[in-house]
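Asker: With the sequence up front, the predicted model follows.
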Amino acid sequence: MRAENMIQKLPYQKPPYIVSNWKMNGTKALLAEVMRFWQPAASHLTWIFCPPATLIGHAKAYFPDIILGGQDCSAEPSGAFTGDISASQLADVGARYVIVGHSEVRLHNNATNADIAAKAKAAQSQGLTPIICIGEPEEVHRSGETLTYLKKQLDESLAGVHGEFLVAYEPIWAIGTGKTATINDIEHVHLFLREHLPKVPLLYGGSVNAANTRAILGVNNVDGILVGGASLKIDEFTQILRAGSAVGRNELP
Ligand code: PGA
């Protein structure tokens, strides 16, 4: 991270978003253990916690103040879709947000951009705010075609989606790899996204950790972060929340 890029856009107009995605990890016991550290650290920011769906109702019951999200939802309202979960079911147990179009879901479930748009609309119809993920694979990044790729993904994944939503830019090659996009790359992509989505909160995700949170939140047109692996580590995520909170209070590094 280059020092001159840090916290260059102060003051933050709104508290930054920190979305934590536990993926297929976590138990009730872990939840009880982490919350006493995380809840007090999560001030001056909008923390959206996305545990596995099995934990949402439990988290809501024990920690009613936290904002919860699902990790995916079906585009269908109900029916014979074994293993799937509907937007209304997520809302029923206390979710207010849902991630749609995460690259792992796109890959493992062969979800197309049109499927993602349908999921986003299903989420909104149940009062959930979708967090719509986009991101290019490594070969596209290397070929310099990132913006062209993202434009198509954006157009198709947002087709017919109105109302409230967030967009998370998560380069696939940066997810779970420890290879964060450079500050310049993030700034470049987020400027492009802002031009297309002037009022939509824009998140960055991909190997965010305690050491890079502040620099990433300081990039122009970054309104928040989406954190995977680091959101399962008690100390690391406490530091991430504290860093986000400092940015939310507009404290200079
Ligand atoms: P990571 O995951 O932080 O472990 O790279 C991010 C994500 O999958 O959303």
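Answerer: All right, it came through fine.
Asker: Pull the contacting residues for the closest residue to Val200 other than its chain neighbours.
Answerer: Leaving aside its chain neighbours, Val200 sits nearest to Val167 (5.5 Å; criterion: CB to CB, 6 or more residues apart in numbering). Every residue, glycine included, has its C-beta placed from N, CA and C. By CB atoms under 8 Å, 6 or more residues apart in numbering, Val167 lies in contact with 131-134, 154, 158, 193, 197, 200-203.
Asker: Now Val167: which helix or strand?
Answerer: strand 166-169 (DSSP states H and E).
Asker: Please spell out which residues along the following helix or strand past that strand are buried.
Answerer: Downstream of strand 166-169, the next assigned helix or strand under DSSP H and E is helix 183-196. By neighbour count on 16 or more other CB atoms under 10 Å, the buried set for helix 183-196 is 183, 185-190, 192-194.
Asker: List just the nearest of the residues you listed to the ligand.
Answerer: For these, the minimum distance to the ligand (CB to the nearest ligand atom) is 13.6 Å, reached by Ile186.
Asker: Can you flag which of the contacts of Val167 belong to helices?
Answerer: 154, 193 (DSSP state H).
Asker: any chance of the contacts of Val167 in TSV, plus pLDDT and distance to the ligand?
Answerer: What follows is these, written out as TSV (pLDDT from 0 to 100; distance: CB to the nearest ligand atom, whole Å):
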residue	pLDDT	distance to the ligand
Ile131	98	10
Ile132	98	13
Cys133	98	7
Ile134	97	12
Leu154	96	17
Leu158	97	19
Leu193	97	17
Leu197	96	19
Val200	96	18
Pro201	97	16
Leu202	97	14
Leu203	98	9
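Asker: neighbour-wise, which of the contacts of Val167 leads?
Answerer: Ile131 (30 neighbours; other CB atoms under 10 Å).
Asker: quick one: that one and Tyr97 touch, right?
Answerer: Yes - Ile131 is within contact range of Tyr97, at 5.8 Å (criterion: CB atoms under 8 Å).
Asker: ok, so what distance separates the closest residue to Ile225 other than its chain neighbours from the ligand?
Answerer: In space, and not counting its chain neighbours, Ile225 is closest to Val208: 4.8 Å by CB to CB, 6+ apart. According to CB to the nearest ligand atom, to the nearest Å, Val208 and the ligand sit 5 Å apart.
Asker: so what's Val208 scoring on pLDDT?
Answerer: Val208 carries a pLDDT value of 96.
Asker: Was I right to think it contacts Val222?
Answerer: No - the pair Val208 / Val222 is not scored as a contact, 10.7 Å apart, by CB under 8 Å.
Asker: residues bridging contact with those two, i.e. touching both?
Answerer: Ile216.
Asker: Let me see the contact set for Asp72.
Answerer: 85, 98-100, 102, 105, 119.
Asker: And for Lys199, the neighbour number?
Answerer: Lys199, neighbours per other CB under 10 Å, totals 6.
Asker: now swap in Thr82 and tell me
Answerer: For Thr82, the count of nearby residues is 4 (other CB under 10 Å).
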